[in-house]
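Visitor: Turn this into a structure:
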Amino acid sequence: MIAKPPYLSFGDTVVLIAPARSVSNEDIQAFREWTISQGWHLECAPNLFAIQDQFAGDDQQRANDLLWAISHPTAKAIFTARGGYGAMRTLESLAKLVGSIETWIQQQPPKWFVGFSDMTTIHLCLQKNQWASVHGPVATQWGLKHGLVEQNSNNLASVLKGNEWYLDVQPEQVINPMPFDGKLVGGNLSLLYASLGTPLQPDTNNKVLFIEDLDEYLYHIDRMIRSCKNAGLFSDIKGLVVGSMIDMKDNAVPFGKSPREIILEALAHEGFPILFDVEIGHDQQNHAVKLGCDITFDLSKLAQKP
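Guide: The predicted structure follows:
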């Protein structure tokens, strides 16, 4: 049974960690101001601004901060500074600190973990251990200069405060249109691909699977989709939600298909509904959504209840 952490209220404590790439104080200033505007008390991890090569400190420092955040006695939410690469190494070092992550997490007070991209690895770990979490913006995104930053942050605050969530879906976005409901799992396609054959590979049976990605070669999208298919990730799912698939790269000899065409060629005949261009992921519009929680599709919108 998935443990849904308590929603946030005015005066609650939240924490910020960097399990992957390094971050500066300036990078998170806009995020810090946003938490104040929500009436939340922000605590930064002890090693938040540590640097080792591209990482936010060495593996043990990042693992210590993840341990500090998950076991924090009063925090209601764990925000993450940025993605990049490193969460896989952080989890490996956390296991060295606590032994069985599964046993240790079950002893901790549930709290909302927020992030996306490389944070998919931690989302998968939490859902394996029956914690719901939030696929949503990372702290550095508050400093971006496009016009959707405020909308994204307002949406995240609404989710964390326990409000109903929905996204309108147009008919042209849907293949094999059928209503569905089920628990939402998934995240970044590259990290799902990396989880295949490991303890973090998600159980997608009777679930709704979500994928998104950025800056990949088109042939690699094809490889990842087909590998996930061969590993059974698309078997017996209720539906597939495809978020933003942007900034794709190609070779001198073109691959010849877009991400949508790659997915359709591999999966359209499977019969489950596929929703494309859902505004979740690396594009400017990045709606927060709860992983491990029920999501419904009624042919016109996706929705989650508190």
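Visitor: Can you tell me how far the closest residue to E43 other than its chain neighbours is from D168?
Guide: Take E43 and drop its neighbours on the chain: the residue closest to it by Cβ to Cβ, 6 or more residues apart in numbering is V15, 4.9 Å away. Every C-beta, even on glycine, is put in place using the N, C-alpha and C of the backbone. Per Cβ to Cβ, to the nearest Å, V15 is found 33 Å from D168.
Visitor: In terms of neighbours, single out the busier of the two.
Guide: Each of V15 and D168 has its neighbours counted (other Cβ atoms under 10 Å); V15 has more, 23 against 9.
Visitor: Show me where the protein has its strands.
Guide: Using DSSP state E, the strands of the chain run over residues 13-17, 41-44, 77-80, 112-115, 133-135, 165-168, 174-175, 180-188, 208-214, 239-246, 274-275, 289-291, 294-297, 301-304.
Visitor: Figure out how far the first one is from the centre of its chain.
Guide: The chain centroid and the centroid of strand 13-17 are separated by 17 Å under Cα atoms, centre = their mean, to the nearest Å.
Visitor: what comes into contact with it?
Guide: 8, 28, 31, 35, 40-45, 48, 62, 65-66, 68-69, 72, 74-81, 139 (Cβ atoms under 8 Å, 6 or more residues apart in numbering).
Visitor: what about it, average pLDDT?
Guide: Mean per-residue pLDDT for strand 13-17: 98.
Visitor: Tell me the spacing between the residue nearest to N64 when sequence neighbours are not counted and I17.
Guide: Closest residue to N64 apart from its sequence neighbours, by Cβ to Cβ, 6+ apart: N47 at 6.4 Å. Counting by Cβ to Cβ, the gap from N47 to I17 is 8 Å.
Visitor: shared neighbours of the two, which are they?
Guide: R62, D65.
Visitor: Outline the domain layout of the protein.
Guide: 13-160, 165-304 (automatic domain parsing).
Visitor: possible to save those domains as JSON lines with distance to K4?
Guide: Formatted as JSON lines, these follow (distance: least, Cβ to Cβ, whole Å):
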{"stretch": "domain 13-160", "distance to K4": "5"}
{"stretch": "domain 165-304", "distance to K4": "7"}
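Visitor: got the contact list for L144?
Guide: Per Cβ under 8 Å, 6+ apart, neighbours of L144: Q284.
Visitor: er, A56 actually
Guide: Applying Cβ under 8 Å, 6+ apart, the residues near A56 are 18-23, 47-50, 62, 81, 86.
Visitor: And the furthest pair within these?
Guide: F49 and G86 (14.8 Å; Cβ to Cβ).
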